[in-house]
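Colleague: This is a predicted model, with the sequence first.
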Amino acid sequence: MRRAYRISVAVVSLFLSGVLAIVFALGAFLPDHYYVAQGQRLILPNLWGIRAQGWADRMPDELLCQAGNRYSTTLSLWGGPVIKTVSVQVVEREMVIPAGTPFGVKMFTEGVMVVGMSDLDIKGKAVNPAKQAGIRTGDIILSVAGRTVSTNEEVGEIVAASGGKPLDVCFRRGTQEKTARLVPVCSPADGSYKAGMWVRDSSAGIGTMTYYDPESQVFAGLGHAICDIDTGALMPLASGEAVEVTITGVNKGASGFPGELRGIFGSGQVIGSLIHNDETGIYGRCSYSPAQNQPVPMALKTEVKPGPASIYTTVEGKSPKSYQIEIERVAASDANPTKNMVIRITDAKLLAATGGIVQGMSGSPILQDGKLVGAVTHVFVNDPTRGYAIFAENMKCEANRQNGAEKQAA
């Protein structure tokens, strides 16, 4: 009897320990803040067994209908163990125009980015002034010798005119600004002074516009940042334009070989100006909608669910078409802001044309149940029919932040 009792106690203890471990893991995994549309309550459809409970759930619906209200509620497992307390904000249901149109990006960086190093052969010895000064690939050079720089030519001119005298270089690494003393050396090859680094001041490419907000006149695209092709670092935007693009062909994707859309800038007709390059996408402003689609409600991430959906994308010319996809998985965590869904292309016509997701389709809007739920961001290299997508809510939150910052600055 005692042995059976001890076994029962051990089993119960093991079970409780397992439950506590699950609760602790979920507490770290789940976000601390949620948005709900006015008149709705917090529901987490992709998390079976997790319920939102608390005093707010006993409030009449009328009190939840006013946008701007904020309240706290607890998330519990199977209506029992409390996981954590979260903040819930009631917001208006925003309407946007889904795009799916291709656009060209012409952007200039804030400062110039160091994209590579090149040693100089000085009397048989490899010398690199930039490395010796502590400058690294990926750093953003803001000024040299007290002069603000924004082009490759400006950096080259200052270094060439230095005569070998030390130059104070102000640069940004991540979020920190630093200063280094760089001493150019004379290259025996051509007799000019050099710093031993390669820099880049601009970028150009093709992507897909996700949506246009007619109220704020802000558009969003790509669903991920524009990064330097050599360093992979986010390129800080100083200025730029979005221009019209015509898709002229497709290099089909296959396992191990990502495909791409081929296009031309054509007349270079400017669609709008770029205002921000962020990990969630590229944002800009224009006075008209680049797409002729009807406005749709913007979905919140708690409304996105696995199942059938569609995307707007352009694989020929300038006009987007709708294609069928399947949302296979929806992430509940905020750990990665651009990989919130796993999607699969199911439309036979799109598969025949592209082989799946290809470069240039990033930003293609995803619609489910009549709402804009997200945008395509990445392809699985070994399975081009599948890839990642970002929540539309993540892009809209960043767009709203940028629009608010512009108004405050004005």
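Modeller: Done, it's in. Numbering: from 1, shown residues only.

Colleague: From the centroid of this protein, which residue is nearest?
Modeller: Residue closest to the average C-alpha location in the chain (C-alpha atoms, centre = their mean): residue 280, at 2.0 Å.

Colleague: and that one, what does it touch?
Modeller: 223, 224, 225, 337, 338, 390, 394, 395, 398 (C-beta atoms under 8 Å, 6 or more residues apart in numbering). The C-beta positions use only the backbone N, C-alpha and C, and glycine is treated the same way.

Colleague: Helices of the stretch 1-150 of the chain, residue ranges please.
Modeller: Secondary structure of the stretch 1-150 of the chain (DSSP state H, counting those that start in this stretch): helices located at 2-29, 129-133.

Colleague: picking that back up, now, of the contacts of residue 280, which are buried?
Modeller: Using 16 or more other C-beta atoms under 10 Å as the burial test, the contacts of residue 280 include 223, 224, 225, 337, 338, 390, 394, 395, 398 as buried.

Colleague: Which stretches in the stretch 251-400 of the chain count as strands?
Modeller: Taking DSSP state E, counting those that start in this stretch to define them, one finds strands in the stretch 251-400 of the chain at 260-264, 270-278, 281-285, 296-297, 307-313, 321-330, 341-345, 365-368, 371-380, 383-391.

Colleague: Thought residue 340 was touching residue 394, still the case?
Modeller: Yes. If you go by C-beta atoms under 8 Å, residue 394 and residue 340 touch, sitting 7.0 Å apart.

Colleague: Common neighbours of the two, please.
Modeller: Going by C-beta under 8 Å, 6+ apart, residues that sit against residue 394 and also against residue 340 are residue 301.

Colleague: What is the burial count for residue 157?
Modeller: The burial metric for residue 157, expressed as a neighbour count using other C-beta atoms under 10 Å, is 14.

Colleague: could you check the distance from it over to residue 143?
Modeller: Going from residue 157 to residue 143 by C-beta to C-beta, to the nearest Å gives 13 Å.

Colleague: Surely residue 330 and residue 306 touch.
Modeller: Yes. Contact status for residue 330 versus residue 306: in contact at 5.9 Å, counting by C-beta under 8 Å.

Colleague: Neighbour count: these two, which is higher?
Modeller: Between residue 330 and residue 306, counted using other C-beta under 10 Å, the more crowded position is residue 330 (21 against 16).

Colleague: Next, the contact list for that one, please.
Modeller: For residue 330, the residues meeting the contact criterion (C-beta under 8 Å, 6+ apart) are 46, 304, 305, 306, 340, 341.

Colleague: Kindly state the pLDDT recorded for it?
Modeller: In this prediction, residue 330 carries a pLDDT score of 93.

Colleague: Likewise for residue 271?
Modeller: At residue 271, the predicted lDDT confidence score is 88.

Colleague: and if you look at residue 60?
Modeller: The model's pLDDT for residue 60 equals 62.

Colleague: just residue 85 next, same as before
Modeller: The pLDDT attached to residue 85 in the predicted structure is 80.

Colleague: ok, now the one 4 residues further on?
Modeller: In the prediction, the pLDDT value recorded for residue 89 is 79.

Colleague: how far away is the closest residue to it other than its chain neighbours from residue 87?
Modeller: Once flanking residues are discounted, residue 89 sits nearest to residue 70: 4.8 Å by C-beta to C-beta, 6 or more residues apart in numbering. Taking C-beta to C-beta as the criterion, residue 70 is separated from residue 87 by 7 Å.

Colleague: more neighbours, the two?
Modeller: Ranked by neighbour count (other C-beta under 10 Å), residue 70 and residue 87 place residue 87 first, with 13 against 10.

Colleague: which residues touch the residue nearest to that one when sequence neighbours are not counted?
Modeller: Sequence neighbours aside, residue 33 is the residue nearest to residue 87 in space, at 4.8 Å (criterion: C-beta to C-beta, 6+ apart). By C-beta under 8 Å, 6+ apart, the contact set of residue 33 is 86, 87, 88, 89.

Colleague: Residue ranges in this structure under the pLDDT threshold?
Modeller: Judged by pLDDT under 70, the chain has its weakly predicted residues at 1-29, 45-67, 78-80, 266-268, 404-410.

Colleague: how's it carved up into domains?
Modeller: What the record gives for the chain is the domain set 2-91, 97-105+202-409, 119-195, from automatic domain parsing.

Colleague: roughly how far is the shortest one from the heart of the chain?
Modeller: Domain 119-195 sits 32 Å away from the centroid of its parent chain (C-alpha atoms, centre = their mean, to the nearest Å).

Colleague: Kindly report the same for the longest one.
Modeller: Domain 97-105+202-409 sits 10 Å away from the centroid of its parent chain (C-alpha atoms, centre = their mean).

Colleague: If the closest residue to residue 265 other than its chain neighbours is in a bridge, with which residues?
Modeller: Counting by C-beta to C-beta, 6+ apart, residue 265 lies nearest to residue 104, which is 4.8 Å off, once chain neighbours are set aside. Each beta-bridge partner of residue 104 is listed here: residue 206, residue 243, as defined by DSSP bridges.

Colleague: Buried ones in stretch 124-144, by neighbour count?
Modeller: For stretch 124-144, the neighbour count (16+ other C-beta under 10 Å) marks 127-131, 133, 135, 137-144 as buried.

Colleague: cool, and stretch 189-209?
Modeller: So for stretch 189-209, counting by 16+ other C-beta under 10 Å, buried means 193-203, 205-209.

Colleague: Residues in contact with the helix or strand where residue 238 lies: which ones?
Modeller: Here residue 238, judged by DSSP states H and E, is contained in strand 237-244. Where contact means C-beta under 8 Å, 6+ apart, the residues beyond strand 237-244 that reach it are 103-111, 150, 209, 219, 221, 265-277, 282, 284, 286, 318.

Colleague: quick check, nearest of the contacts of residue 280 to residue 357?
Modeller: Checking the contacts of residue 280 against residue 357 with C-beta to C-beta, the nearest one is residue 223 at 11.7 Å.

Colleague: Quick one: residues contacting that closest one.
Modeller: Contact criterion C-beta under 8 Å, 6+ apart gives 210, 280-281, 338, 362-363, 374-377, 389-390, 395 as the residues in contact with residue 223.

Colleague: Between the residues you listed, which sits nearest residue 322?
Modeller: Closest to residue 322 out of the contacts of residue 223 is residue 376 (13.5 Å), distances taken as C-beta to C-beta.
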